[in-house]
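[1] Next come a sequence and a model predicted from it.
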2 protein chains.
Amino acid sequence: MKIDPQNPADLSAQIAQAIRDAIVSGRLIVDERLPSESELADQFQVSRPTVREALKRLAAQSLIRTQRGATGGAFVNRLSFEDAYSQQITTSTLLLSMNAVNFDTACEARYALERACAVLSAQRRTADQLATMRAEIFRQAQPGLTDEAFCASDVAFHRALVDGAGNPVLSYQLAGAVEAMQPLMNMITFTARSREEIIALHSSIADALEAREAALVDTALVKLEAYTRQLARDVAARRRKTG
Amino acid sequence: MKIDPQNPADLSAQIAQAIRDAIVSGRLIVDERLPSESELADQFQVSRPTVREALKRLAAQSLIRTQRGATGGAFVNRLSFEDAYSQQITTSTLLLSMNAVNFDTACEARYALERACAVLSAQRRTADQLATMRAEIFRQAQPGLTDEAFCASDVAFHRALVDGAGNPVLSYQLAGAVEAMQPLMNMITFTARSREEIIALHSSIADALEAREAALVDTALVKLEAYTRQLARDVAARRRKTG
DNA sequence: AGACTTTTAAATGTCAGACAAATAAAAAGT
DNA sequence: ACTTTTTATTTGTCTGACATTTAAAAGTCT
């Protein structure tokens, strides 16, 4: 692991990249302890604060974890699916909000991915996952539920649907797409009437999954997508009128 | 923006989180300049190195960029799709390699997502994207092509297919899935015979896209997935025998 | 006056050395 | 043999300084 002191880029960025490469290439393995900060400073011929900046960069990506104390230090972190989820969610959320992604575009992407899961979910969903979905539908039907709580329940419902595919890689990929859309969905304030319609569609999805009918799940999801986009158009139209 | 000095967590992590929250919530907007490191140190009542560690954490997530010089400083970064791609690719790659994800699981996820794109791609692919795919197929047929180059061309082919959907959010989501699998794919050393088969399937995909026949694209992708998994099984079986 | 050069100020990047706090192992004491 | 104390190591933080980059301000020449 070496760096180029002539490189105009930050030393801490170069050091972080060198260590990152070592991890990705497998030269550093999971749970292996990195040299102490002082040793790294010697190795790279830089000061300890510079090394620390590099290590913080890696920590921000969950590539390492640090422990204080006698046997402490920086350890290569096993990137868990959970860590990956949360990173993907922040990235996706920012991407959508900062680039002013069209609602239709985000919606289309989300349902395209979700329908891909639904086929597998119809084959493999567990009784437990189905029960989760039914419970969320029940919660959604409660009168007096706030918009935020309704949306959160919606996310939980779809999360269960996605997890039903029994493929953690798929779940990870979709977590970002589904959750990142929540702020956009929150902008669609639901009337009692539109909630009813959504709950009905959720129910037909659950029914189809219970019967393991992939085609029916797909149909219901297509309808739900169309309805969601319709609601968004209505909100936009109302804004143009009043605003 | 405040932090809790009693919190046992690292001050730099707390500060990073406080600024991150401000960005995600929109209190800090794109291209806005953060206070200088010294000013932040005063605000948070910590030293400048601590502030710097926090800023490096944010820089590692592409949330800010820094500029030196008189009018320099840290600026809120517009997270580009490209930045998001590369982050997703490293995360996905590590996730797959560190968690010893089953090849079948990764493969299933990848093709499920890709088939979701293919439907849209059949409707919207441009002549340019189709030409890219044909060019990659041509490259793949060159004798003497290394395994690495063949795999890279394979990635480019599928990338064009995904981009054909004309939905940047979908492209972003899939970049990780497709590219992260390349190391796993590289483990399947392709014989001349299996290359032929893959090229034939690629051609049928391109033909179907040219004719805008979504169903045919889907069929070809299903075949390609089945064949890929078959190849992986063969390699695994051969390893058990010889190793 | 206008164009060019030099100076200056502000900001990040880096360094050195120090102390605090946490932690586990080693040493001491009961 | 068990408990307590000490000690060494490592990360976390602070202070202060200097280097480097950069743009604006000041100065100079035509």
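    Received the coordinates, thanks. Residues are numbered from 1 along each chain as shown, chains lettered A, B, ... in the order given.
[2] And the pLDDT at residue A:7?
    Reading off the confidence values, residue A:7 has pLDDT 76.
[3] do residue A:22 as well
    With respect to pLDDT, residue A:22 has a value of 96.
[4] Helix or strand: which one has it?
    helix A:11-24 (DSSP states H and E).
[5] Let me know whether that helix sits next to DNA strand D.
    No. Judged by CB under 7 Å from any atom of the strand, helix A:11-24 stays clear of DNA strand D, getting no closer than 11.5 Å. In this view, the C-beta of every residue, glycine as well, is placed from N, C-alpha and C.
[6] Assign a three-state SS to the residue of chain A found nearest DNA strand C, would you?
    Proximity of chain A to DNA strand C (CB to the nearest atom of the strand) peaks at residue A:69, 2.2 Å away. Recorded secondary structure, residue A:69: coil (DSSP: H, G, I helix; E, B strand; the rest coil).
[7] next one: phi and psi at it?
    phi 100, psi 180 (degrees, to the nearest 10).
[8] How many neighbouring residues does it have?
    6 (other CB atoms under 10 Å in any protein chain shown).
[9] And it, how far from chain B?
    14 Å (CB to the nearest CB, to the nearest Å).
[10] Secondary structure class of residue A:2, three-state.
    Following three-state DSSP, the label given to residue A:2 is coil.
[11] can I assume it is in contact with residue A:19?
    No. Residue A:2 is not in contact with residue A:19 according to CB atoms under 8 Å; the separation is 11.5 Å.
[12] between the two, which one's more packed in?
    Applying other CB under 10 Å to residue A:2 and residue A:19 shows that residue A:19 carries more neighbours, namely 25 against 10.
[13] so what's the more buried one closest to, chain neighbours aside?
    residue A:58 (6.1 Å; CB to CB, 6 or more residues apart in numbering or on different chains).
[14] likewise residue A:134?
    Setting aside the residues directly before and after it, residue A:134 is nearest to residue A:206 in space (CB to CB, 6+ apart), at 5.9 Å.
[15] Which element, helix or strand, includes the one you found?
    Using DSSP H and E, residue A:206 maps to helix A:192-210.
[16] Buried residues of that helix, list them for me.
    For helix A:192-210, a neighbour-count test (16 or more other CB atoms under 10 Å in any protein chain shown) marks A:194-195, A:197-199, A:201-206, A:208-209 as buried.
[17] Work out the gap between it and the centre of the chain.
    24 Å (CA atoms, centre = their mean, to the nearest Å).
[18] Mind giving me the packing neighbours of that helix?
    When contacts are defined as 3 or more CB pairs under 8 Å, 6 or more residues apart in numbering or on different chains; DSSP states H and E, helix A:192-210 sits against helix A:103-124, helix A:127-141, helix A:147-163, helix A:214-242.
[19] change it to 7 Å
    helix A:127-141, helix A:147-163, helix A:214-242 (3 or more CB pairs under 7 Å, 6 or more residues apart in numbering or on different chains; DSSP states H and E).
[20] hmm, which helix or strand of chain A has the shakiest average pLDDT?
    When the helices and strands of chain A are scored by mean pLDDT, DSSP states H and E, helix A:182-186 comes last with a mean of 81.
[21] Go through that helix and flag the buried ones.
    Result for helix A:182-186 [16+ other CB under 10 Å]: buried residues A:182, A:184, A:185.
[22] Among the residues you listed, find me the one that's closest to DNA strand D.
    Closest to DNA strand D out of the buried residues of helix A:182-186 is residue A:182 (32.0 Å), distances taken as CB to the nearest atom of the strand.
[23] Just confirm that closest one contacts residue A:155, I think it does.
    Yes. At 5.8 Å, residue A:182 counts as touching residue A:155 under the criterion of CB atoms under 7 Å.
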